[in-house]
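Colleague: quick check, what structure comes out for this input:
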Amino acid sequence: MNTLLELQKLDLKIQNRKARELEIPKQKDKYKIRRQRLNSELKASEDRSKTLVLEQRECEGEIEQRRAQIAKYDTQLLAVKKNEEYQALLHEIEILKKQISVKEERIIAILLEIDEANERLVEDKRRIEAELADIDGECKKIDDELAEAVKDREELEAQRVPLVSNIDPALLNRYDRILRSKKGGAAVVPLRGDFCSGCNMVIRPQIVNEVLAGEKIHACNHCGRLLYHAENFEKAVEAGASES
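Modeller: This is a model prediction of the structure:
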């Protein structure tokens, strides 16, 4: 039972480390959200410049189309004989020229906006890259913490090997089965009077007496945990200390 209790103490530490290994990576969640926000912000800044360039090209294309239409009307003017048709073509040409003028003014405005957008993009890239570098640094710390936790747990698991070799295989299997079923709780618990300290249920007197006498290993008939009398092991420790 002494070895079993020592094993349980070690196993509970191992379980604690495993739980920590699961929790540590969750620290990255906030950085993942922040990284996504920064990348979205950078993309929006890049898209702004691209949208302005596309609008500039569209305006240039529309200007070319209107100029081509004006050239077509100019050719038609040479063949027109009626004054009404002539005036109608001149009116259409005037409208096209005004539309060209509007598009040219818009292109000038777009060029100014592109300059501003590009300056803003440079600033955004510099700032966002710095923030992403900070995030990478924090995530690296988390990875290092996880690696240290894994190393700590593996060292504890190595200490388990010599202990299990000194425990009866049948008892060890029984203990392992109980420990797995308790999901982080103890598999071996002390009596508290005639109560199981694991589930706080009353234990039958005969079982209590046998556990107190240290004659037999019993399990609680309510929760299945293995029972022991704490004072028996305290006395054994004291006796060992006095002999040494």
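Colleague: count the residues that sit near residue 30.
Modeller: Residue 30 sits with 11 neighbouring residues when counted by other CB atoms under 10 Å. Backbone N, C-alpha and C define where each C-beta goes, glycine included.
Colleague: OK, contacts around it?
Modeller: Residue 30 sits next to no residue when contact means CB atoms under 8 Å, 6 or more residues apart in numbering.
Colleague: any idea how far it is from residue 209?
Modeller: 56 Å (CB to CB, to the nearest Å).
Colleague: show me which strand runs longest in the chain.
Modeller: If you go by DSSP state E, the chain has its longest strand at strand 188-192.
Colleague: which residues touch the helix or strand just after that strand?
Modeller: Counting by DSSP states H and E, the next helix or strand C-terminal to strand 188-192 is strand 195-196. With contact meaning CB under 8 Å, 6+ apart, strand 195-196 is reached by 189, 201, 202, 203, 220, 222, 223, 225, 227.
Colleague: helix, strand or coil for the residue of the chain positioned farthest from its centre?
Modeller: The C-alpha centroid of the chain is most remote from residue 81, which lies 78.2 Å away (CA atoms, centre = their mean). Classification of residue 81 using DSSP: H, G, I helix; E, B strand; the rest coil returns coil.
Colleague: can you read off the pLDDT for it?
Modeller: Looking at residue 81, its pLDDT reads 87.
Colleague: let me see the ranges of the helices in this structure.
Modeller: 2-23, 29-79, 83-164, 169-182, 205-213, 230-243 (DSSP state H).
Colleague: can you redo these as CSV with distance to residue 195?
Modeller: Shown next, in CSV, are these (distance: least, CB to CB, whole Å):
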stretch, distance to residue 195
helix 2-23, 19
helix 29-79, 42
helix 83-164, 28
helix 169-182, 18
helix 205-213, 9
helix 230-243, 13
